[in-house]
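J.: Provide a 3D model corresponding to the input given below.
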Amino acid sequence: MRTLRIGNASGFYGDRFDAVREMLTGGSEEGSPAALDVLTGDYLAELTMLILGRDLLKDPATGYAKTFLRQMEEGLGLAHERGVRIVANAGGLNPAGLADALRALAGRLGIPARIAHVEGDRLPAGDGVLAANAYLGGAGIAACLDAGADVVVTGRVTDAALVTGPAQWFFGWGPEEYDRLAGAVVAGHVLECGTQATGGNYAFFTGHDPKLLRRPGFPLAELREDGSAVVTKHPGTGGVVDTGTVTAQLLYETGGARYAGPDVTARLDTVRLTQEGPDRVRIDGVRGEAPPPTLKAGLCRLGGFRNEVVFVLTGLDIEAKAELVRAQIEDALAHGPAPRPARVRWELARTDRADAGTEETASALLRLVVRDRDPEAVGRSLSGAAIELALASYPGFHVTAPPGKGAPYGVFETAYVPVGEVPHTAVLPDGTRVAVPVPPESRELAPVPAPPLPAPLPPGPTRRGPLGLVAGARSGDKGGDANVGVWVRDDRAWRWLAHTLTVDLFRELLPETRELAVERHVLPGLRALNFTVTGLLGEGVASQSRFDPQAKGLGEWLRSRHVDLPEELL
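T.: Residues are numbered from 1 along each chain as shown. Take a look at the predicted model:
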């Protein structure tokens, strides 16, 4: 059975720069050939689209990930020598511009690379919208590779499309081979965040050799024609690939059992993971369904202006000091030169310790964040109010940094557009423009009936302790919402987790979620529960409305909360 070896060299705009070289040389410092057919790179996230939108306003020739172009100064030649195709969404808001820049680079280097790009994802933008993009599938990428492209750059495609596109090209899959496409989607989701699949950001990292995790290698998948895959990494590279690291990434930024995309809706409740050997995890059994009739779209707009100041409170009477400075600032804002900011948020972080051995560990942090559409309301009003208190407030008054003028912040919104209204277009190496047809079938999304739970553990002695002694977690963001995937490593722990970690207990353990909509999704095949929390992140990461704006640490907070743990699991 034919095998497509496809690797990933970037999980975000700003990821490890030399990962492209590492993947193209098999992770070897000596530069041995890489056994890859395709190398992918994911450069786009919700925040990235806002950054690229601002770049494009300043210079219409930009709007793409400049890092990728610099990586190709060396990577283009290495890939050509080794016969590796490169597929990346680094085109951002200007894939045609990036393709032109790559052609110019190839010409300067004397490399006969055939460059193609995919476009059509950009949607008409209304007032104040910096970027509006639909998430395209992999068919345009496949068309470019079919036409002989060595490099394909895209705008906003789904992260998994970087794998489904090459898979459609390599295996010749049709658009209705849903199970095979779904297998590629799952493999793509595991690869998309780079080293998160090889031990990065992993809940049980203390169970592995610390030397392995200092510099995790990037992952690759051996994808087979039936849609199954083995996730692994280049020999000799750091990190670890096991069913735990793969499970953690599968739960990252997902929701229910139906994982919808423009190519196929993958059923996460059908995924089977098997440890095939050291650093080799097999994924099979994945089932797919026709994709929904709409495409998800992301809209990035300017939401207004924000400013912040962090007051340092040291020693005794922390609560009283916080109360005093808060009252002083609120009074100053109410009587300042500009109207009081529309949104004012205070947060006291009790980082202080009693009888501390250093001043830093004796101090707490009081964070004030203000937002308004008027820059004056968050600029002079706040800076004046804070600075003028320097000699007139609590004992030991100081701040981590003086507030500035305030800065613009962005808002991410999700919308859905009919798939037929988006002109998905493959621009081939010779400039020919090919319209990508819409999928022949579609299926409206609907919740999957709740699966039966395993038999609960029999009653027995318990011990109070952190949930994380038994369960792993990974959390992330989708616009203003957050998800927390929680999993365990054996069947007995699953029997306990499935019955214990209810929505009510989740809300009790994470009080910030008590007034929000929380939904629990059960994935028995992964021994996992996935919780989605609506509205926790306000208007999304770019608005910086929360201490942890992307909910990256939410799962670790949950793991640190104490529950009654069965002693037999400890």
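J.: buried stuff in stretch 4-17?
T.: Buried positions in stretch 4-17, judged by neighbour count with 16 or more other CB atoms under 10 Å: 4-13, 15. To be clear about C-beta, it is placed using only N, CA and C from the backbone, and glycine gets the same treatment.
J.: Sort out for me which of the residues you listed are in strands.
T.: In strands, defined here by DSSP state E, the members of those are 4-8.
J.: Just the closest of the residues you listed to Leu569, please.
T.: Asn8 (34.5 Å; CB to CB).
J.: Around the residue nearest to the closest one when sequence neighbours are not counted, count how many other residues there are.
T.: Take Asn8 and drop its neighbours on the chain: the residue closest to it by CB to CB, 6 or more residues apart in numbering is Leu191, 4.2 Å away. Here the number of neighbours of Leu191 (other CB atoms under 10 Å) works out to 29.
J.: Hmm, Leu191 is touching Pro219, no?
T.: Yes. Using CB atoms under 8 Å, Leu191 is in contact with Pro219, at 5.4 Å.
J.: Residues in contact with both of those two, list them for me.
T.: 7-8, 197, 231 (CB atoms under 8 Å, 6 or more residues apart in numbering).
J.: quick check, nearest of those residues to His562?
T.: Ala197 (30.2 Å).
J.: Pull the contacting residues for Ala99.
T.: Shown in contact with Ala99 (CB under 8 Å, 6+ apart): 91, 115-117, 153, 427.
J.: Top of those by number of neighbours, please.
T.: Neighbour max across the contacts of Ala99 (other CB under 10 Å) = Val153, 35 neighbours.
J.: Pairing partners for Asn307 in the sheet, please.
T.: Val370 (DSSP bridges).
J.: That one contacts Gly379, correct?
T.: Yes. Between Asn307 and Gly379 there is a contact under CB under 8 Å: 6.6 Å.
J.: Overlap in contacts, those two.
T.: Common neighbours of Asn307 and Gly379 (CB under 8 Å, 6+ apart) are 404-406.
J.: surely Ala90 meets Phe68?
T.: Yes. At 3.6 Å, Ala90 and Phe68 qualify as touching, with contact defined as CB under 8 Å.
J.: okay, the two: which has more neighbours?
T.: Ala90 (28 against 25).
J.: Just the pLDDT for that one.
T.: Here the pLDDT value assigned to Ala90 is 98.
J.: Where does it sit: helix, strand or coil?
T.: What DSSP: H, G, I helix; E, B strand; the rest coil gives for Ala90 is coil.
J.: Now it, what are its backbone angles?
T.: Here is the backbone geometry of Ala90 (degrees, to the nearest 10): phi -70, psi -10.
J.: so what's it up against?
T.: Contacts of Ala90 by CB under 8 Å, 6+ apart are 41, 43-44, 64-65, 67-69, 98, 153.
J.: With Pro95 instead?
T.: Counting by CB under 8 Å, 6+ apart, Pro95 has contacts 64, 117-119, 153-155.
J.: in this protein, what spans have low per-residue confidence?
T.: By pLDDT under 70, the low-scoring segments of the chain are 27-34, 540-545.
J.: Inside strands: which ones of the contacts of Pro95?
T.: Those of the contacts of Pro95 lying in strands (DSSP E): 117-119, 153-154.
J.: picking that back up, compile the contacts of Ala99 into a markdown table and extend it with columns for distance to Ala290.
T.: Compiled in a markdown table, these are given as follows (distance: CB to CB, whole Å):
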| residue | distance to Ala290 |
| --- | --- |
| Gly91 | 28 |
| Ile115 | 33 |
| Ala116 | 27 |
| His117 | 27 |
| Val153 | 28 |
| Val427 | 27 |
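J.: of these, closest to Gln275?
T.: Once CB to CB is applied, the member of the contacts of Ala99 that ends up nearest Gln275 is Val153, at 35.5 Å.
J.: From Leu44, how far out is the nearest residue to that closest one once chain neighbours are set aside?
T.: What sits nearest to Val153 in space, not counting adjacent residues and going by CB to CB, 6+ apart, is Gly91, at 4.3 Å. For Gly91, the distance to Leu44 equals 9 Å [CB to CB, to the nearest Å].
J.: What of Leu516?
T.: 27 Å.
J.: Which one of the two is surrounded by more residues?
T.: When Leu516 and Leu44 are compared on other CB under 10 Å, the one with more neighbours turns out to be Leu44, at 27 against 15.
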